[in-house]
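A.B. asks: What follows is a protein structure lacking sequence information:
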């Protein structure tokens, strides 16, 4: 009876060992088919594919995304990640940079400063603002750089805003024979009106300027025309 009982125990033990062998064998086979996943971030797609093939893996789906920090065409992410393992022949998916977004630069010349800033910021750009005296109304954008085309998201667009016309002081030209050079030097235009015949009460000497407008000492926009009379002999 003891031998028969021992025989039954031996038989059950043999069955347990026999049943566990397939599990051990499968685990051994699977372990032998796993390979280390290389780090391909920063590589071009072609180099990444070559590195994966050398590791016993293959290139999977490639997705392109905008990226401001990575060169266009380089890998920025991978699945599965490097440092782990994957079944031999498995596909590794890549995310590849297509560089920063290229955005259309809106034209804001002629717009009020606040409207220009809103439009450019909404389009994804950073602004710098310069000011310049100009005949345009104060606060109007008179120039921008770049003015047209496209630029990357976050690029700087410079706008130049009018501070209004430059103001200059009108010189006193009363009694001058030829005031035009003086007015030109002051940034003004001139228009002399010859008076023939009866002498006006405020006339100066023959050919001398009088009755100027705007008056001497006035502040006027640069480029303003100053008119004056000069008396000439009766024809």
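C.D. replies: Looks like it arrived, so ask away. In this text the structure is predicted, and so the values were computed from the model without any measurement. Numbers count the residues shown, from 1 in each chain.
A.B. asks: Could you check the pLDDT of residue 234?
C.D. replies: For residue 234, the model assigns a pLDDT of 57.
A.B. asks: so residue 108 touches residue 144, yeah?
C.D. replies: Yes. At 5.9 Å, residue 108 counts as touching residue 144 under the criterion of CB atoms under 8 Å. Glycine gets a C-beta too; all of them are placed from N, C-alpha and C.
A.B. asks: so what sits against both of the two?
C.D. replies: Residues touching both residue 108 and residue 144 by CB atoms under 8 Å, 6 or more residues apart in numbering: 116, 159.
A.B. asks: how about low-confidence regions in the protein?
C.D. replies: Filtered on pLDDT under 70, the chain yields the residue ranges 1-32, 233-235.
A.B. asks: Would you enumerate the residues in contact with the residue nearest in space to the middle of it?
C.D. replies: Of all residues in the chain, the one closest to the mean position by CA atoms, centre = their mean is residue 155, 1.9 Å from it. Applying CB under 8 Å, 6+ apart to residue 155 gives the contacts 125-126.
A.B. asks: Residue 147 belongs to a helix?
C.D. replies: No. With DSSP: H, G, I helix; E, B strand; the rest coil as the criterion, residue 147 is located in coil rather than a helix.
A.B. asks: now it: how far from residue 198?
C.D. replies: For residue 147, the distance to residue 198 (CB to CB, to the nearest Å) stands at 58 Å.
A.B. asks: Compare those two (neighbour count), which wins?
C.D. replies: residue 147 (12 against 9; other CB atoms under 10 Å).
A.B. asks: in terms of contact, does the more buried one touch residue 108 like I think?
C.D. replies: No. Residue 147 sits out of contact with residue 108 when judged by CB under 8 Å, with a separation of 9.3 Å.
A.B. asks: Would you state the helices of this structure in chain order?
C.D. replies: For the chain, the helices defined by DSSP state H occupy 2-33, 45-54, 113-122, 180-185.
A.B. asks: For the second one, buried residues please.
C.D. replies: Residues of helix 45-54 classed as buried: 45, 48-49, 51-52 (neighbour count, 16 or more other CB atoms under 10 Å).
A.B. asks: helices or strands next to that helix in the packing?
C.D. replies: strand 58-65, strand 75-79, strand 91-97 (3 or more CB pairs under 8 Å, 6 or more residues apart in numbering; DSSP states H and E).
A.B. asks: What are the contacting residues of the second one?
C.D. replies: Counting contacts by CB under 8 Å, 6+ apart, the residues outside strand 75-79 that touch it are 37, 39-45, 48, 65, 67, 70, 92-97.
A.B. asks: again with the longest one
C.D. replies: Contacts made with strand 58-65 from outside it, assessed by CB under 8 Å, 6+ apart, are listed as 45, 48-49, 52-53, 76, 89-98.
A.B. asks: tell me the domain ranges of the protein?
C.D. replies: 1-34, 37-100, 102-162, 167-231 (automatic domain parsing).
A.B. asks: Looks like residue 119 contacts residue 111 (just checking).
C.D. replies: Yes. Using CB under 8 Å, residue 119 is in contact with residue 111, at 7.2 Å.
A.B. asks: Between these two, which has more neighbouring residues?
C.D. replies: Taking other CB under 10 Å, residue 119 and residue 111 do not tie; residue 111 has more neighbours (19 against 14).
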